[in-house]
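**Q** structure of the sequence below:
(2 chains)
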There are 2 protein chains.
Amino acid sequence: MKAIGFKTSHNIEHEESLVEFETQKPKASGFDIVVKVNAVSMNPVDTKVRASVAKDIVLDEPKVLGYDGIGIVDEVGENVTTVKVGDRVFYAGDVTKNGSNSQYQLIDSRIVALAPESISDEEAVVLPLTSLTAWEALFDRMNVKTDKKKILLIIGGAGGVGSIATQIAKQTTDLIVIATASREETVNWCKQMGADYVVNHRDLVNSVKQVGFNEVDYIFNVSDTKMHWDSMVELIKPQGKIAAIVDIPEGIDMSNLSKLKSKSVTFSWEFMFTRSMFTTDDIEEQHEILSEIATLVEEGKLKSTLTKIFEGFNVQNFKEAHKLTESGKNIGKIAIKY
Amino acid sequence: MKAIGFKTSHNIEHEESLVEFETQKPKASGFDIVVKVNAVSMNPVDTKVRASVAKDIVLDEPKVLGYDGIGIVDEVGENVTTVKVGDRVFYAGDVTKNGSNSQYQLIDSRIVALAPESISDEEAVVLPLTSLTAWEALFDRMNVKTDKKKILLIIGGAGGVGSIATQIAKQTTDLIVIATASREETVNWCKQMGADYVVNHRDLVNSVKQVGFNEVDYIFNVSDTKMHWDSMVELIKPQGKIAAIVDIPEGIDMSNLSKLKSKSVTFSWEFMFTRSMFTTDDIEEQHEILSEIATLVEEGKLKSTLTKIFEGFNVQNFKEAHKLTESGKNIGKIAIKY
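**A** All right, here's what the predicted structure looks like:
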């Protein structure tokens, strides 16, 4: 079968930044299934993993990227209960394994679900990774109660995670959502996603105050954690909760975190790959969440965040998709149809 | 009325470290009540506030310490609904106001509850501050589910908060509790409180492994946050939650917190005075929690953590109680009976 991957971290313009190669079709056993992939979507994690190999290192085998995927179940292992051969499934994958940028993919059945029937492969495939991230941050990390009229600030409202987090919050909870965006087109997009207020993340504290809120109950920061740290410390309400997804490798002033002590604030990391990376006892929760997302799509409550499609399984399309993702300017999400 | 307080931060041996003085009996209005205080208990926060005034500063009026209190309601403000004149109430107070080290005290009725009738003033008065801290950390911050067989590590098991946290966890949840202690008498005390395992907090990671656990789901650190940080980072399970109560004013290596990202770990500060300090919308939750604590005592599920009583409202007794608390060697809790 064909796959696309990389052996060395290169700038995307480099000829070998992504290469096509032939490899063995995988065999399913245990909880794993083999999926014949029909489409994938791009996430920032694809470009981050592509850039993550140390300089001058050349991998023995190309690393296959791709986390979101949709396709038809081709084979199932002996322990599989969630799906059967022929099912159309979608999933966000496992960062420790080879990804969906290949014709067939091996994946744990406990992190896949039946894809929503009412939308196309390209529309559906942009949902899993961002929906799982948003759902886990809201409900598993911050423990948001669905029936409370609390304020949620989403920093980075127009990206993939921010877009679906806004929809999930508005469609499944009584939260008031303030999303951040700075350009006219991203502001409009956030409103389409259902945000009650859209504010500029430059001068964030004052922007939030200008729409009438001195404090917020929850902050989901899908943008730069460090850049917005001081604003988050100031804006979070006593007993409030903050979740973030962007790492701070160089450290941060912890006295700020200590300042949060008088407010009894909770800070959570959300990393969508935790459950699959550690095969946690509750790994099948990702199957449950994706099934719920599919139901919400069928009910017309969640809309796909797809904004761009590349047609065809070839290196050129993947390179273009990586380039667009790295620009940071993309609104919503990109799919590649095989 | 008589009160005991301080105008300057002194070593406890200093003649004026605590002084008795005459002051006006307070008047109740709004949500406030006046309580005729019968007994108080000591907490580390008493000694910390006593030491908190900047050098060479002399306050105009003595600051009255004392957070835990028990007594009879003497007067109620016009908005009070939780209690009435003549009720015997207990509470953990408000760090921003004058405390319980006085004959009468003004306190917000939304943070008091009827004291358990089956135990004495001295036995009851040691419970509020530590119980509220433990309850809020477990259920409001870490959102512990009562019906799950998860592992809770309590660092500092023999102190006031650790002792009642162990009891609350064992009596109201299905948690397995590992408490830390290092001396024979503190180890025995932790077992009396109901801990399933008692381990030494020196070489914490290996001590926990020796009793059969490589990881724990929850850590409630009531001891030194900074000292145990690296052990907590290592021991916490993927998706685990950590709560701490001891501030880290000098900062801490945040790359550790970033390491926690791959495990999607949640870190919460618990500060029992947050609700009263900020008069949060849910301030009356402290009335509810204390009422539940009283019920658990009446049902014989929670035992008082009282280990020492000083009899009499006088400066000498308060100085002895501060000295004993500052030693850090005290097991359980100290009460002063007026």
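**Q** which parts of stretch A:219-226 are buried?
**A** A:Ile219, A:Phe220, A:Asn221, A:Val222, A:Ser223, A:Thr225, A:Lys226 (16 or more other Cβ atoms under 10 Å in any protein chain shown). All C-beta atoms are positioned from the backbone trio N, CA, C, and that covers glycine.
**Q** and the helix or strand where A:Leu296 lies, what's buried?
**A** Taking DSSP states H and E as the criterion, A:Leu296 maps to helix A:285-298. Neighbour-count burial for helix A:285-298 flags A:Glu285, A:Gln286, A:His287, A:Ile289, A:Leu290, A:Glu292, A:Ile293, A:Ala294, A:Leu296, A:Val297 (criterion: 16+ other Cβ under 10 Å).
**Q** same check, this time on stretch A:140-157
**A** A:140-144, A:150-157.
**Q** and stretch A:164-173, by the same measure?
**A** A:Ile164, A:Ala165, A:Thr166, A:Gln167, A:Ile168, A:Ala169, A:Lys170, A:Thr172, A:Thr173.
**Q** so which of those are in strands?
**A** Among the buried residues of stretch A:164-173, DSSP state E puts none in strands.
**Q** intersect the buried residues of stretch A:219-226 with the contacts of chain B.
**A** For chain B, no contacts are drawn from those by Cβ under 8 Å from any Cβ of the partner chain.
**Q** can you redo these as a markdown table with secondary structure and pLDDT?
**A** Below are these laid out as a markdown table (DSSP: H, G, I helix; E, B strand; the rest coil; pLDDT from 0 to 100):
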| residue | secondary structure | pLDDT |
| --- | --- | --- |
| A:Ile219 | strand | 98 |
| A:Phe220 | strand | 98 |
| A:Asn221 | strand | 97 |
| A:Val222 | coil | 96 |
| A:Ser223 | coil | 93 |
| A:Thr225 | coil | 89 |
| A:Lys226 | coil | 87 |
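**Q** and the residues you listed, which is closest to B:Thr180?
**A** A:Thr225 (31.5 Å; Cβ to Cβ).
**Q** need the outlier residue of chain A, farthest from its centre.
**A** Distance from the C-alpha centroid of chain A, by Cα atoms, centre = their mean, peaks at A:Ser262 (32.4 Å).
**Q** and that residue, what's its pLDDT?
**A** Per-residue pLDDT puts A:Ser262 at 91.
**Q** thinking it is in contact with B:Phe271, fair?
**A** Yes. Counting by Cβ atoms under 8 Å, B:Phe271 is a contact partner of A:Ser262 at 5.8 Å.
**Q** can you tell me how far the residue nearest to A:Ala115 when sequence neighbours are not counted sits from chain B?
**A** Spatial nearest neighbour of A:Ala115, chain neighbours left out: A:Phe90 (4.1 Å); criterion: Cβ to Cβ, 6 or more residues apart in numbering or on different chains. Distance of A:Phe90 to chain B, given as Cβ to the nearest Cβ, to the nearest Å: 22 Å.
**Q** any idea which element A:Phe90 lies in?
**A** Going by DSSP H and E, A:Phe90 is part of strand A:88-91.
**Q** sheet partners, orientation included, of the next helix or strand after that strand?
**A** As assigned by DSSP H and E, the chain's next helix or strand after strand A:88-91 is strand A:104-108. Strand pairing for strand A:104-108, using DSSP bridges, gives strand A:32-41 (antiparallel).
**Q** tell me where the stretch 1-150 of chain A has helices.
**A** A:44-50, A:121-125, A:128-135 (DSSP state H, counting those that start in this stretch).
**Q** the shortest one packs against which elements?
**A** To tie it back to what came earlier, the one meant is helix A:121-125. If contacts are counted by 3 or more Cβ pairs under 8 Å, 6 or more residues apart in numbering or on different chains; DSSP states H and E, helix A:121-125 sits against strand A:32-41, strand A:69-76, strand A:306-311, strand A:333-337.
**Q** what comes into contact with stretch A:303-314?
**A** Stretch A:303-314 is touched from outside by A:2, A:4, A:20, A:41, A:103, A:119, A:122-124, A:126-127, A:130, A:160, A:163-164, A:167, A:193, A:297, A:317-318, A:320-321, A:324, A:330-338, with contacts defined as Cβ atoms under 8 Å, 6 or more residues apart in numbering or on different chains.
**Q** in the stretch 151-300 of chain A, where is pLDDT below threshold?
**A** Residue ranges of the stretch 151-300 of chain A with pLDDT under 70: A:250-258.
**Q** show me where it has strands.
**A** Using DSSP state E, counting those that start in this stretch, the strands of the stretch 151-300 of chain A run over residues A:151-155, A:176-180, A:197-199, A:216-221, A:236-244, A:266-269.
**Q** neighbouring strands of the third one in the sheet, and parallel or not?
**A** This means strand A:197-199. strand A:176-180 (parallel).
**Q** need the distance between the two termini of stretch A:56-68.
**A** 29 Å (Cα to Cα, to the nearest Å).
**Q** what's the average pLDDT for that stretch?
**A** Rounded mean pLDDT across stretch A:56-68 is 93.
**Q** would you check that A:Val53 makes contact with A:Leu59?
**A** Yes. With contact defined as Cβ under 8 Å, A:Val53 counts as touching A:Leu59 (6.7 Å).
**Q** more neighbours, these two?
**A** Using other Cβ atoms under 10 Å in any protein chain shown as the criterion, A:Val53 and A:Leu59 rank with A:Val53 on top: 16 against 12.
**Q** which residue is the nearest non-sequential neighbour of the more buried one?
**A** Nearest one to A:Val53, counting by Cβ to Cβ, 6+ apart, is A:Ser9 at 4.2 Å.
**Q** distance of that neighbour from A:Ala51?
**A** Noted for A:Ser9: a distance of 5 Å to A:Ala51, by Cβ to Cβ, to the nearest Å.
**Q** so which of the two has more stuff around it?
**A** The residue with more neighbours, out of A:Ser9 and A:Ala51 and counting by other Cβ under 10 Å, is A:Ser9; that gives 19 against 15.
**Q** so how far is A:Leu114 from the more buried one?
**A** Counting by Cβ to Cβ, the gap from A:Ser9 to A:Leu114 is 36 Å.
**Q** okay, now the domains of chain A?
**A** As given by automatic domain parsing, the domain ranges for chain A are A:2-127+A:274-337, A:130-269.
**Q** reformat those domains as a markdown table; add distance to B:Lys97.
**A** Listed next are these as a markdown table, based on distance: least, Cβ to Cβ, whole Å:
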| stretch | distance to B:Lys97 |
| --- | --- |
| domain A:2-127+A:274-337 | 43 |
| domain A:130-269 | 15 |
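**Q** just give me the residue closest to the centre of chain A.
**A** A:Thr130 (2.8 Å).
**Q** list the residues that contact the closest residue to chain B within the stretch 101-250 of chain A.
**A** In the stretch 101-250 of chain A, the residue that lies nearest chain B is A:Pro238 (4.1 Å; Cβ to the nearest Cβ). By Cβ under 8 Å, 6+ apart, A:Pro238 lies in contact with A:Lys263, A:Ser264, A:Val265, B:Thr274, B:Arg275, B:Met277, B:Phe278, B:Thr280.
**Q** make TSV out of these and add distance to B:Ile309.
**A** Output for those, formatted as TSV (distance: Cβ to Cβ, whole Å):
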residue	distance to B:Ile309
A:Lys263	35
A:Ser264	31
A:Val265	37
B:Thr274	30
B:Arg275	29
B:Met277	30
B:Phe278	34
B:Thr280	34
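**Q** among these, which are in helices?
**A** Counting by DSSP state H, the contacts of A:Pro238 place B:Thr274, B:Arg275, B:Met277 in helices.
**Q** buried members of those into ChimeraX, please.
**A** The buried residues among these can be selected in ChimeraX (16+ other Cβ under 10 Å) with this line:
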select /B:274,275,277
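**Q** turn the ones in helices among the contacts of A:Pro238 into CSV, columns for distance to A:Trp135.
**A** Shown next, in CSV, are the ones in helices among the contacts of A:Pro238 (distance: Cβ to Cβ, whole Å):
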residue, distance to A:Trp135
B:Thr274, 28
B:Arg275, 29
B:Met277, 33
